[in-house]
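[1] Generate coordinates for the sequence data below:
(one chain, ligands or ions: 1)
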Amino acid sequence: MAAVTRRPLMAGNWKMNLNHFEANLLLQKLAASLTEKQLTDVECVVLPPFTDLRTVQTAVDGDKLLIGYGAQDLSAHQSGAYTGEISGAMLAKLGCSYVVVGHSERRAYHHEDDALVNAKVTAALGSGITPILCVGEGLDVRDEQRHVAHCQDQLTAGLKGLSAEQVTKVVIAYEPVWAIGTGKTATPEDAQEVCGAVRERLAELYDQATADQVRVLYGGSVKASNVAAIMAKPDVDGALVGGASLDAEEFAQICRFPEHITR
Ligand SMILES: O=C[C@H](O)COP(=O)(O)O
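    Take a look at the predicted model:
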């Protein structure tokens, strides 16, 4: 059977940074730094704050940029009296292809549990948007060597009720909480250990063919200087990049990682 090829995905999570003017500037710089071939070989996506999305949509559509975009969160509800919430349908109308679900910052600061994360994954798929489902352990769990089981359990809970066909439309991101914004990067071996375990769990829950189609990203202090070593691992299909995605040239270099990779 032919080996499955998964197109690498580099997703820049801007978090709560950049207003819509700044978003437009960064997007234009990013697009100018990457060639059509580079943007074809590697899928390059930005995940701005909600307030930037209309501007990003206008720039991407107007200039036919080969850059994808999405949001950092969505409501589990479809519409109604949920003050402050943004629905999947609203994001779809803005052309979003992706939405982050269950980021550790949402789990920690907004008390999002696995049931809510699962409802949001379902809501995203219902709106035709690819959820980037985040899993990851804190330092306490890692110190007790329970990180693999912890991430596999978060994965199982996050995907509850999804068919194999739906799961092929989901992206998983492994983000060890202790490596987010700290400068401490997991080693490529750490990333492979959990990304591989994610794929194993997908094969148990569904089947190997389904598991082989799902892209699994690593996130946590990814930079141009460490991305190639992480991407050389067989089960790592991309990166969810925070801080380094706020610098157009640094993120462009991350997207150009195939030019630096030695397998
Ligand atoms: O969503 C991105 C991650 O939280 C990683 O953030 P970071 O690259 O700033 O460590």
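[2] Next up, the contacts around whichever residue of the stretch 1-150 of the chain sits closest to the ligand.
    Taking C-beta to the nearest ligand atom as the measure, the stretch 1-150 of the chain has Asn13 as its residue closest to the ligand, at 3.5 Å. Yep, even glycine has a C-beta here, placed from its N, CA and C like the rest. Taking C-beta atoms under 8 Å, 6 or more residues apart in numbering, we find Asn13 in contact with 47, 72, 100, 103, 219, 240-242, 245.
[3] State the number of residues packed around Val99.
    Val99: 25 surrounding residues under other C-beta atoms under 10 Å.
[4] So which other helices or strands are in contact with the helix or strand where it lies?
    Here Val99, judged by DSSP states H and E, is contained in strand 98-101. Of the remaining helices and strands, those touching strand 98-101 by 3 or more C-beta pairs under 8 Å, 6 or more residues apart in numbering; DSSP states H and E are strand 43-47, strand 68-71, helix 114-126, strand 130-135.
[5] Can it be said to contact the ligand?
    No - judged by C-beta under 6 Å from any ligand atom, strand 98-101 stays clear of the ligand, getting no closer than 6.9 Å.
[6] Parallel or antiparallel, which strands does that strand pair with?
    strand 68-71 (parallel), strand 130-135 (parallel) (DSSP bridges).
[7] quick one, which of these is packed in tightest?
    strand 130-135 (a mean of 27; mean count of other C-beta atoms under 10 Å).
[8] Quick one: distance of that strand to the chain centre.
    6 Å (C-alpha atoms, centre = their mean, to the nearest Å).
[9] Could you check the angle it makes with strand 43-47?
    80 degrees (axes from the mean of the first three to the mean of the last three C-alpha atoms, to 10 degrees).
[10] Pull out the buried positions in the following helix or strand past strand 130-135.
    Proceeding C-terminally, strand 130-135 gives way to helix 139-143 as the next helix or strand, assigned by DSSP H and E. Within helix 139-143, the residues that count as buried by 16 or more other C-beta atoms under 10 Å are 141-142.
[11] What count of nearby residues applies to whichever residue of the stretch 101-250 of the chain sits closest to the ligand?
    Nearest residue of the stretch 101-250 of the chain to the ligand (C-beta to the nearest ligand atom) works out as Gly242 at 2.2 Å. Per other C-beta under 10 Å, the neighbour tally for Gly242 reads 22.
[12] per-residue confidence for it?
    The model reports Gly242 with a pLDDT of 97.
[13] Before I go, just wanted to say thanks for your time.
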